[in-house]
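Asks: Just the structure for this:
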Amino acid sequence: MAALRVFLPFAICLLLGHQTFAQNDAPCQKSKWNNAFNTFKYRHILNKLPNSLQKEKWNELIKKDNNCSRTRQSFLGLDMLDKVKAVCTKEGGKIYEKNMCISNQIFTFYTVIIQEVTCKILKVCWVMAALRVFLPLAICLLLGHQTFAQNDAPCQKSKRNNEFNTFEERHISDELPSADDLNKWKEYIKNKGNCKRPIQSFLLRKDLDKVKAVCRDAGKKMYNNNLCISNQPFTFFTVTSEIGTCNIWSVSKENKSLILGCNTLADECLPVHFERNPQNRGPHKCAESCQAP
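Replies: Below is the predicted model:
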């Protein structure tokens, strides 16, 4: 598997692997563990980062620190520590999910995927993304180089006239292969010309009207820029593939709430961005409908 260089201008998630931590109901409550910050620092802050995507250099580092039991790990340099800490104060915002906050600015970090026990490095990603701080099980959003017009709230006027068309082209299909037919998925993604996007999600066209309705009364605001989340779960496919070759790594059939970026085009609030939902979040019971003023 080749190393990936990934750019996420508006991505949300940081790949921290499966870890446990003292999770409070809201940010900045008193910690239940005295060593929680030290553990975070030990796991994710390095005095000197390998300035490389070469797996050999990362393999040496991971083995040295005896971190082979954690299959997904992310690292930032020590020079970024003060900025990371500031995410929990003035440089971050609540995302109304337990004690998590998200950074206001983009961070650069490395994410490493490791084979358990052997410590073999399977993949190294160089990522630019907003940080979510303190995640129990986070997912690296390898969406490739994807941009969309991000407004401060849902249903504001779109900055691009073709946003919905781009969304429809990327995520809506008349028919889709079965989850276990990787060869047909490879052919499908090649035909769409999407080999540059390593993680992609697809819905059937028969659900398009329901998908569009998420940006109106069938979805709730997430109070995170222009994102809305559907009231009901949808069934869709998520495909991970190798950049350039389109070799398929995995296909999963998911059933969960959709998180969509919603902007107004020609007086209609429409989906313009598909945001992954790795933690299977649902709408907050007190949130307003997506199109509420």
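
Asks: Okay, helices next: where are they in the stretch 1-150 of the chain?
Replies: 36-44, 55-64, 81-86 (DSSP state H, counting those that start in this stretch).

Asks: oh sorry, the question was meant for the stretch 151-293 of the chain
Replies: So, for the stretch 151-293 of the chain - with DSSP H, counting those that start in this stretch - the helices run 163-171, 182-192, 208-213.

Asks: which stretch among these comes nearest Ser257?
Replies: helix 208-213 (11.7 Å; Cβ to Cβ). For the C-beta atoms, the positions are set from N, CA and C on the backbone; glycine is no exception.

Asks: And the closest one, what does it pack against?
Replies: Contacts defined by 3 or more Cβ pairs under 8 Å, 6 or more residues apart in numbering; DSSP states H and E place helix 208-213 against strand 268-275.

Asks: Give me the buried positions along the strand it packs on.
Replies: For strand 268-275, the neighbour count (16 or more other Cβ atoms under 10 Å) marks Cys269, Leu270, Pro271, Val272, His273, Phe274, Glu275 as buried.

Asks: and if you look at stretch 45-56?
Replies: Ile45, Leu46, Leu49, Pro50, Leu53, Lys55.

Asks: Just the mean pLDDT for stretch 274-287, thanks.
Replies: When pLDDT is averaged along stretch 274-287, the result is 89.

Asks: And that stretch, how far out from the chain middle?
Replies: Remark: stretch 274-287 is offset 12 Å from the chain centroid, using Cα atoms, centre = their mean, to the nearest Å.

Asks: Report the buried residues of that stretch.
Replies: For stretch 274-287, the neighbour count (16+ other Cβ under 10 Å) marks Phe274, Glu275, Arg276, Asn277, Pro278, Gln279, Pro283, Ala287 as buried.

Asks: hang on, isn't the first one packed against Cys262?
Replies: Yep, that's Phe274 we're talking about. No - judged on Cβ atoms under 8 Å, Phe274 makes no contact with Cys262 at a distance of 11.3 Å.

Asks: what helices or strands is the longest strand along the chain leaning on?
Replies: Taking DSSP state E as the criterion, the chain has its longest strand at strand 248-265. With contacts defined as 3+ Cβ pairs under 8 Å, 6+ apart, the secondary structure elements packing on strand 248-265 are strand 156-157, helix 163-171, helix 182-192, strand 219-221, strand 227-241, strand 268-275.

Asks: Which of those sits closest to Ser69?
Replies: strand 227-241 (23.1 Å).

Asks: buried stuff in the closest one?
Replies: In strand 227-241, counting by 16+ other Cβ under 10 Å, buried: Leu227, Cys228, Ile229, Ser230, Asn231, Phe234, Phe236, Phe237, Thr238, Val239, Ser241.
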